[in-house]
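1. sharing a model that was predicted from the sequence below.
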Amino acid sequence: MADYDFDLFVIGGGSGGVRAARMAAQTGATVALAEESRLGGTCVIRGCVPKKLMVFASKGAAAVADARKFGWDAQCGAFDWQQFHPKLMAELERLEGVYRKLLDGSGVKIFDSRATIVDPHTVKLANNQTVSAKHILVAVGGHPVRPPLENAELGLVSNDLFLMEELPKSVLIVGGGYIACEFACILRNFGVDVTMYARGAQILKGFDDEARGLLSESMRQCGVDIHMGTSIQEMCGAADAPSGPRPTGSDATMGGPVGERESLSHNDKSITDPKAAGPVWTKATTGVEKVFDHVIFATGRAPSTDGLGLKEAGVTLERSGAIAVDEYSQTNVPSIYAIGDVTDRVPLTPVAIREGMAFVETVFKGNPTPVDHDLIASAVFTQPELGSVGLTEDDAARNGPIEVYSTSFRPMNQAFIDGTARVLMKLIVCVDTRRVLGCHIVAPDAGELIQMIGVAIKMGATKEDFDRTCAVHPTISEELMTMREPSRRT
Ligand code: NDP
């Protein structure tokens with residue numbers, strides 16, 4: 001039998017790769033991991049974690065405004081990005097250190113280097129050193145993509161937003177998905193003028209229509225200027241605008257520069273050239289011309305498979321560039337596996353972690369474990385949040401007869417202070433089996449609520465199980481237990 005340097009070589013130190021490396025090492029396997037950028041990957045360094053910290057920070061003004069209405073003599077000044085941003089950077093450093101420590105503690109050999117695949121058992125590091133392994137696990141994730149538009153490189157992508165040294169006064173966000181909606185709320189609540197162009201009829205394609213409708217209404221009420229059915233047709237630096245520089249949407253001075261970027265490594269290749277970022281003239285498909293301090297493209301993400309040596313090693317890629325894998329995350333080359341966003345199955349951190357754990361179970365514990373991608377709850381961290389698990393009303397209705405239990409109301413804290421914010425609680429029930437097929441919540445902390453409802457739905461709870469669960473009063477979520485009459489049957 002061939003001798004290898006390691007039992008497992010993991011390419012990519014994000015959530016999935018790090019978990020797989022640690023778990024494999026705990027079985028006694030010899031494990032190495034290469035990361036070209038920063039340990040922690042998209043989730044920790046340029047995604048979920050810094051985004052959620054920005055969400056927390058952005059809630060201050062609304063909390064103070066509500067407190068005043070409850071009777072507090074409270075004042076809220078402007079948000080100080082200069083105070084927040086170094087703390088955010090320091091927290092990411094700390095977390096990166098935690099990841100390194102966890103890997104070290106598990107005996108995983110870390111290579112701070114890009115690694116590419118040479119053949120089914122060999123990888124090459126940036127210094128040309130080759131390392132052999134019995135198994136290779138590709139967990140390199142994905143990167144944000146811009147639309148194919150002239151001067152699109154003048155726009156920022158999500159990676160850049162964590163590196164801004166000053167808050168802009170006005171932004172145009174292009175896209176209507178998770179990232180577009182989350183950053184629209186964050187930046188608006190920081191006091192930025194936010195315009196959103198989304199090409200569809202409604203934001204958040206794929207989510208329940210009623211939830212999408214309420215959320216877009218709430219976002220508009222918060223001051224996000226949403227234009228549906230709209231895209232950018234042309235863009236260029238404001239100084240090069242066809243009829244000369246124009247004022248921004250507000251009477252803003254030109255926004256702050258974007259700070260020094262992390263090194264432009266492969267995973268970060270879509271990061272804008274810092275010199276190029278600045279006021280941008282735009283023309284929408286509706287004909288409207290406007291200058292914004294920044295254009296932000298939140299137009300999707302793509303698997304980072306370019307130049308990894310996968311094709312050369314004979315690994316089959318999907319048309320999207322994602323690595324094709326079976327239910328055990330194995331590619332067509334038996335020694336090469338792939339997990340996480342690079343496989344473009346369900347691009348969410350907890351899913352990548354599960355895929356990593358199932359890989360270790362299968363390959364290092366002799367217990368073949370397919371990954372269960374069914375009924376995965378998720379949340380969009382807008383304000384209010386949108387939590388969702390299972391089928392939307394439209395999808396469920398296509399499968400057979402359903403009952404829809406849905407209620408939208410002003411919660412008691414809003415009613416008390418004459419606020420306008422509404423929430424939505426919605427259950428989709430299969431008429432034949434009585435099982436709850438989907439739950440959709442638009443409410444503060446909907447992410448926390450949907451996590452728990454996800455357990456019941458994963459267990460196959462019926463509407464009658466919800467009915468016989470005694471409500472917790474007074475809460476927003478008690479409505480899920482007390483809706484007795486369906487709003488409609490289809
Ligand atoms: P999404 O796929 O959610 O949204 C992409 C948006 O860009 C859509 O509105 C899409 O429109 C639009 N779009 C795509 N191409 C173009 C184009 N050429 N011109 C104009 N608009 C375009 O991607 P995101 O980048 O927001 O997020 C990527 C993934 O990351 C998500 O799918 C999610 O899995 C994950 N994520 C999860 C989060 C969470 O769990 N809270 C947070 C952030 C990201 P259309 O709908 O018409 O196709």
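-> Yep, that arrived.
2. thought P370 was touching F359?
-> No - using C-beta atoms under 8 Å, P370 makes no contact with F359, being 10.7 Å away. Where C-beta positions appear, they are placed from N, C-alpha and C, glycine not excepted.
3. comparing these two, which shows the higher neighbour count?
-> Counted by other C-beta atoms under 10 Å, P370 and F359 do not tie: F359 has more neighbours, with 29 against 12.
4. which residue, other than its chain neighbours, is closest to the more buried one?
-> Excluding the flanking residues, the one nearest F359 by C-beta to C-beta, 6 or more residues apart in numbering is S329, at 5.1 Å.
5. count the neighbours of the one you found for me.
-> Counted with other C-beta under 10 Å, the neighbours of S329 add up to 27.
6. which pLDDT value belongs to it?
-> Per-residue confidence (pLDDT) for S329: 98.
7. which residues touch it?
-> Residues near S329 by C-beta atoms under 8 Å, 6 or more residues apart in numbering: 337-339, 343, 355, 358-359, 362, 371.
8. next one: S231
-> 147, 174, 197, 199, 284-285.
9. repeat for A57
-> Per C-beta under 8 Å, 6+ apart, neighbours of A57: 79, 84, 190.
10. by neighbours, which of those residues wins?
-> Counting neighbours by other C-beta under 10 Å, the top entry in the contacts of A57 is F190, with 20 neighbours.
11. where's it relative to the ligand, distance?
-> 18 Å (C-beta to the nearest ligand atom, to the nearest Å).
12. so that residue is in contact with L167, correct?
-> Yes - here F190 reaches L167: they are 5.8 Å apart, a contact under C-beta under 8 Å.
13. need the residues touching each of the two.
-> In contact with both F190 and L167: 79, 81, using C-beta under 8 Å, 6+ apart.
14. and what about the residue in the stretch 1-150 of the chain that the ligand sits nearest to, helix, strand or coil?
-> In the stretch 1-150 of the chain, the residue found nearest to the ligand is P147; the distance is 3.3 Å by C-beta to the nearest ligand atom. At P147 the chain is in coil, as set by DSSP: H, G, I helix; E, B strand; the rest coil.
15. residues in contact with the closest residue to it other than its chain neighbours?
-> By the measure of C-beta to C-beta, 6+ apart, the closest residue to P147 outside its immediate chain neighbours is T299, 5.2 Å from it. Taking C-beta under 8 Å, 6+ apart as the criterion, T299 is in contact with 144-147, 174-175.
16. can you rerun that using 6 Å?
-> 147, 174-175 (C-beta atoms under 6 Å, 6 or more residues apart in numbering).
17. buried members of the residues you listed into ChimeraX, please.
-> Selection command for ChimeraX covering only the buried members of those, criterion 16 or more other C-beta atoms under 10 Å:
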select :174,175
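18. quick one on the thing from earlier: tell me which two in the contacts of S231 are the farthest apart.
-> Comparing all pairs in the contacts of S231 by C-beta to C-beta, the longest separation belongs to P147 and A284, at 13.2 Å.
19. how far off centre is stretch 64-80?
-> Relative to its parent chain, stretch 64-80 has a centroid offset of 30 Å by C-alpha atoms, centre = their mean, to the nearest Å.
20. can you list contacts of it?
-> 61, 190-191, 417.
21. stretch 105-120 too?
-> Stretch 105-120 is contacted from outside by 11, 21-22, 25, 31-34, 36, 103, 123-126, 266, 308-309, 313, 333, 335, using C-beta under 6 Å, 6+ apart.
22. among those, which are in helices?
-> Members of the contacts of stretch 105-120 lying in helices (criterion: DSSP state H): 21-22, 25, 103.
23. who wins for neighbours among the residues you listed?
-> A21 (30 neighbours).
24. I'd say that one and V31 touch.
-> Yes - under the criterion of C-beta atoms under 6 Å, A21 makes contact with V31 at 5.1 Å.
25. name the residues of stretch 371-385 that are buried.
-> Using 16+ other C-beta under 10 Å as the test for burial, stretch 371-385 gives 371, 376-385.
26. now do the end-to-end distance for that stretch.
-> 27 Å (C-alpha to C-alpha, to the nearest Å).
27. and that stretch, anywhere near the ligand?
-> Yes - against the ligand, stretch 371-385 shows contacts by C-beta under 6 Å from any ligand atom at 378-381.
28. could you list the low-confidence segments of the chain?
-> Along the chain, segments meeting pLDDT under 70 span 1, 244-277.
29. if anything else comes up later, I'll come back, but that's it for now.
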